[in-house]
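Chemist: below are the sequence and a predicted model; questions follow.
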Amino acid sequence: MADFDLFVIGAGSGGVRASRVSAAYGARVAIAEEYKVGGTCVIRGCVPKKLLVYGAHFAEDLDDAAMFGWDVPQKRFDWQVLRDNVLAEVGRLEGAYTETLTNHDVTIFHERAVVTGPNSVRLASGREVTADKILIATGATPVLPNIEGVEHAITSNEVFLLEKLPKRIVIVGGGYIANEFAGIFHQFGSHVTLVNRTDVILRHYDQQLVDRLMQISLRKGIDFKFNALIERVEKRDDGTLHVSMSGCDDFDADAVLFATGRHPHTSGLGLEDVAVKMGDNGRIVVDDDNRTSVPSIFAVGDVTDRVQLTPVAIREGQAFADTYFGKKPHKVDYNCIPSAVFSHPPLAGVGLTESQAREKLGQVKTYTSDFRAMKNVLAGRNERSLYKLVVDELTERIVGIHMIGPDAPEILQAAAIAVKGQLKKSDFDATVALHPTMAEELVLMR
Ligand code: NDP
């Protein structure tokens with residue numbers, strides 16, 4: 001008999017869910033984690049990032065407070081205070097995740113594990129462990145370019161640990177992390193330059209909303225350098241970084257953050273030796289039931305590079321446990337996954353963008369509401385929100401909702417139910433507005 005029914009490598013969102021649920025079904029489960037229990041999302045991703053986003057928002061809230069009658073004599077931001085509080089919260093969550101696993105009798109190995117056979121792994125301590133099933137849930141790691149001086153740059157892994165707030169930061173990339181940290185550092189008072197290899201940012205979001213984010217970001221004072229690449233980073237004696245560019249002038253900066261995507265974390269896991277089929281970027285190829293080319297080895301989450309989002313990894317972990325240990329087989333439905341960029345202001349979307357809908361459906365009608373949130377009006381903040389409904393003209397079904405503005409992700413989560421439920425524009429029209437809210441715009445577009 002094998003030592004365990006299930007051995008999971010990687011205690012992130014997908015791995016923890018799969019372990020906990022499989023154990024609750026009665027499986028004998030072990031999990032190995034070489035860093036911290038919780039994975040990218042909890043330790044150095046979504047959670048600490050969102051806390052920084054909250055922290056960053058105070059910059060504008062404190063400015064706006066005066067128009068609401070509050071006298072805020074002086075505002076001063078202390079990066080170390082926020083950083084340490086965020087790290088303490090992350091530590092608390094790591095403890096909570098560990099407790100959940102131990103409460104479910106999951107054996108935790110706080111060390112690296114590599115696959116040595118279809119049913120065996122070797123721990124860093126040298127111990128060999130056997131299991132009926134092995135689940136790889138090792139996530140993804142930031143990609144760094146092969147340029148001179150790249151060791152002076154940081155990624156989203158290190159950004160939460162910065163000793164001090166950089167006065168000038170160069171952020172490379174035009175995706176989620178770049179836009180989120182551009183907003184965060186700008187609000188904290190850093191001068192932000194965002195460098196992108198093309199002139200397209202957030203390419204999977206609706207163009208009209210991305211344009212709005214660009215306009216607002218530019219007006220706030222974030223610098224964008226398009227069609228530009230970093231060629232070299234040089235550290236001067238005083239600690240400043242000289243960034244040599246192609247496509248624009250060189251800069252001096254205090255920090256360079258690469259946010260140019262994340263690749264599956266599979267190197268050195270021993271997968272090639274046991275003939276697990278891998279795709280481009282080192283992703284593990286799996287079928288709809290998360291099974292790899294080796295029947296006893298499975299994979300969920302970012303390591304499979306399907307949709308790199310935490311809630312998706314959690315669903316995959318749950319489906320794996322239900323299917324193989326809970327006698328409730330099911331597959332993850334990847335249709336209509338809502339997503340958001342926690343930029344300043346945030347942007348969120350679900351379903352088809354206008355251009356995707358035109359390509360797929362042909363006849364499409366869009367409705368937009370371009371408005372200034374009440375709070376911004378009183379504050380004298382000239383920042384407009386934009387909501388957009390994309391409707392299939394033939395069926396009148398809402399096939400996409402896209403929003404930029406305060407709390408857009410909070411509102412979109414509920415609106416996503418309507419898209420998933422294939423509701424029609426007439427269902428929105430029939431819904432009475434909840435006044436005064438920003439969300440009421442969703443049912444007032446005519
Ligand atoms: P993204 O895939 O979002 O963006 C990567 C960016 O880097 C793109 O603009 C891309 O350009 C550019 N890029 C890619 N390769 C290079 C290169 N060699 N040189 C220069 N530029 C390059 O990745 P992120 O790193 O921002 O985030 C990683 C993943 O993490 C995301 O895909 C997302 O799934 C997840 N995430 C989700 C968040 C959320 O849900 N709010 C927040 C943060 C991360 P191009 O468009 O031309 O390819």
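Modeler: Good, I have the coordinates. Please read all numbers here as calculations on a predicted model, not as lab measurements.
Chemist: every contact and neighbour count from this point should use C-alpha atoms.
Modeler: Fine.
Chemist: nearest residue to R236 other than its sequence neighbours?
Modeler: Nearest-residue entry for R236: H242, 7.1 Å, with adjacent residues in sequence omitted and distances by CA to CA, 6 or more residues apart in numbering.
Chemist: pretty sure A30 sits against D3.
Modeler: No - applying CA atoms under 8 Å as the test, A30 and D3 come out as separate, 9.2 Å apart.
Chemist: and the two? which has more neighbours close in?
Modeler: Each of A30 and D3 has its neighbours counted (other CA atoms under 10 Å); A30 has more, 24 against 16.
Chemist: check contacts around the nearest residue to the more buried one once chain neighbours are set aside.
Modeler: Leaving aside its sequence neighbours, A30 sits nearest to T107 (CA to CA, 6+ apart; 4.4 Å). Applying CA atoms under 8 Å, 6 or more residues apart in numbering, we find T107 in contact with V29, A30, I31, L101.
Chemist: can you check S369 too?
Modeler: Listed by CA under 8 Å, 6+ apart, the contact set of S369 reads S385, L386, Y387, K388, E441, M445.
Chemist: which helix or strand lies directly C-terminal to the strand or helix carrying K365?
Modeler: Element membership for K365 (DSSP states H and E) is strand 364-372. Sequence order places helix 374-379 as the next helix or strand after strand 364-372, per DSSP H and E.
Chemist: partners of the helix or strand following that next one, with directions?
Modeler: Per DSSP H and E, the first helix or strand lying C-terminal to helix 374-379 is strand 384-392. Paired with strand 384-392 in the same sheet, following DSSP bridges, are strand 364-372 (antiparallel), strand 398-404 (antiparallel).
Chemist: among the ones you listed, which is nearest the ligand?
Modeler: strand 398-404 (13.4 Å; CA to the nearest ligand atom).
Chemist: next one: the following helix or strand past the closest one to chain centre, how far?
Modeler: Remark: after strand 398-404, the chain's next helix or strand is helix 408-420, criterion DSSP H and E. Distance, stretch centre to chain centre, for helix 408-420: 17 Å (CA atoms, centre = their mean, to the nearest Å).
Chemist: which strands and helices lie in contact with helix 408-420?
Modeler: Under the contact definition 3 or more CA pairs under 8 Å, 6 or more residues apart in numbering; DSSP states H and E, helix 408-420 sits against strand 347-351, strand 398-404.
Chemist: next, the angle from the next helix or strand after the shortest one to strand 398-404.
Modeler: In this case it means strand 347-351. Using DSSP H and E, the next helix or strand after strand 347-351 towards the C-terminus is helix 354-361. When axes from the mean of the first three to the mean of the last three CA atoms, to 10 degrees is applied, the directions of helix 354-361 and strand 398-404 differ by 170 degrees.
Chemist: residues in contact with helix 354-361: which ones?
Modeler: By CA under 8 Å, 6+ apart, the residues outside helix 354-361 that reach it are D206, V364, T366, V390, D392, V399, G400.
Chemist: a markdown table for these, including neighbour count and pLDDT?
Modeler: Formatted as a markdown table, those follow (neighbours: other CA atoms under 10 Å; pLDDT from 0 to 100):
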| residue | neighbour count | pLDDT |
| --- | --- | --- |
| D206 | 23 | 98 |
| V364 | 20 | 98 |
| T366 | 16 | 98 |
| V390 | 26 | 98 |
| D392 | 22 | 98 |
| V399 | 27 | 98 |
| G400 | 28 | 98 |
